[in-house]
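Engineer: this is a predicted model, with the sequence first.
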Amino acid sequence: MKTIIATTAALGAFITAGSAQAADFVFNTTNAGMVTGSGNGNAFTYTGTDGSRSITMKATGWSRGFDGAFTAGEMASFGSDGLGIYQQGERRDGGYHQIDNINGWEFLVLQFSEAVALQSAKLNSFGIVDRAYTDNDAFIGWNASKLGLGTTLTGTDVAKLFDTRLGSFNSNSDAYKTALQTYALPLANASNVWIVGGSFNGPDDRNDFFKVAQLTVAAVPEPATWAMMLVGFAMVGAAARYRRRSTKIALA
């Protein structure tokens, strides 16, 4: 009976820890959140929660010109359609307020209050002038940075975040043809800075343009959660060893 109780308690601790580990944080970007600044260089800040703790995300809009220079753009909210970017010097009509890779490369820099792993993004693609198609292939990149959420990023900062990124990929395969793209990146990739933009040097001959309506991330478990998991593993192991000893005694 003691073995059963110990094993049950251990499994309970393990399951509880596993549930905490798998918690997702959803950021609804169909509004502007808390707005900082105006015009080029403005920022939208959001809060996501898993029901027990909260994570803050700060979004800024950027573009990389054909000359390689990184320039701040103007973030804009388009309601249920999602977030877009007005690139400096680009026309503001004809659908060019989407995050695109037509006159240079546009992208969001997402700074988080702690390390997270991107799980999914809803990228709504709409028509754009002179393009008889829609396409929402995306570039996803991540990096670690000591620059806090209160830091106003410069073009130099963003260039460094991009050039020294820890990893990246383009969502150009058939697995990412819907608005809701699921990435399910592991916690091993958790970082506090993420970059989401149109496909960068993608394999097809189409431009990409979309608005970001939702982001879901998974966070690295808090130290207490890891401790609970270790205790759970230890209890399961101890219970198993006790059961083996009891079995040997009974067989003797």
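Structural biologist: Nice, I can see it.
Engineer: the strand ranked longest in the chain pairs with which strands?
Structural biologist: Counting by DSSP state E, the longest strand found in the chain is strand 105-124. Here strand 105-124 is paired, per DSSP bridges, with strand 54-64 (antiparallel), strand 180-182 (antiparallel), strand 191-198 (antiparallel), strand 209-219 (antiparallel).
Engineer: quick check: buried residues in that strand?
Structural biologist: For strand 105-124, a neighbour-count test (16 or more other Cβ atoms under 10 Å) marks 105-113, 115-124 as buried. Glycine gets a C-beta too; all of them are placed from N, C-alpha and C.
Engineer: alpha carbons only: can I get the helix or strand following it in PDB?
Structural biologist: Where DSSP states H and E defines the elements, the next helix or strand beyond strand 105-124 is strand 138-143. C-alpha atoms of strand 138-143 as PDB (Å, rounded to 0.1, in the frame of the first residue of the first chain):
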ATOM      1  CA  ALA A 138       7.400  34.100 -43.300                       C
ATOM      2  CA  PHE A 139      10.900  34.500 -41.900                       C
ATOM      3  CA  ILE A 140      11.200  33.400 -38.200                       C
ATOM      4  CA  GLY A 141      14.400  34.200 -36.300                       C
ATOM      5  CA  TRP A 142      15.400  34.300 -32.600                       C
ATOM      6  CA  ASN A 143      18.200  35.700 -30.500                       C
END
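Engineer: show me the contact partners of strand 138-143.
Structural biologist: 107, 118, 121, 123, 161-162, 164-171, 176, 181, 183, 189, 191, 193-200, 202, 208, 210 (Cβ atoms under 8 Å, 6 or more residues apart in numbering).
Engineer: ok, it: who's next to it in the sheet?
Structural biologist: Applying DSSP bridges, one finds strand 138-143 paired with strand 167-170 (antiparallel), strand 191-198 (antiparallel).
Engineer: hang on, Thr71 in a helix?
Structural biologist: No - remark: Thr71 does not belong to a helix; assigned using DSSP: H, G, I helix; E, B strand; the rest coil, it is strand.
Engineer: pretty sure Thr29 contacts Leu215?
Structural biologist: Yes - counting by Cβ atoms under 8 Å, Thr29 does reach Leu215; the two are 6.4 Å apart.
Engineer: compare these two (neighbour count), which wins?
Structural biologist: A direct count of neighbours by other Cβ atoms under 10 Å for Thr29 and Leu215 places Leu215 higher, at 27 against 22.
Engineer: ok, and what's touching stretch 63-79?
Structural biologist: 29-32, 39-44, 59-62, 83-88, 97, 104-107, 153, 155-156, 158-159, 162, 211.
Engineer: show me the contacts for Pro186.
Structural biologist: By Cβ under 8 Å, 6+ apart, the contact list for Pro186 reads Ala117.
Engineer: distance check, it against Val116.
Structural biologist: Taking Cβ to Cβ, to the nearest Å as the measure, Pro186 falls 12 Å from Val116.
Engineer: one step back: turn the strands paired with strand 105-124 into JSON lines, including distance to Leu147 and mean pLDDT.
Structural biologist: Output for the strands paired with strand 105-124, formatted as JSON lines (distance: least, Cβ to Cβ, whole Å; pLDDT from 0 to 100):
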{"stretch": "strand 54-64", "distance to Leu147": "10", "mean pLDDT": "98"}
{"stretch": "strand 180-182", "distance to Leu147": "27", "mean pLDDT": "97"}
{"stretch": "strand 191-198", "distance to Leu147": "8", "mean pLDDT": "98"}
{"stretch": "strand 209-219", "distance to Leu147": "18", "mean pLDDT": "98"}
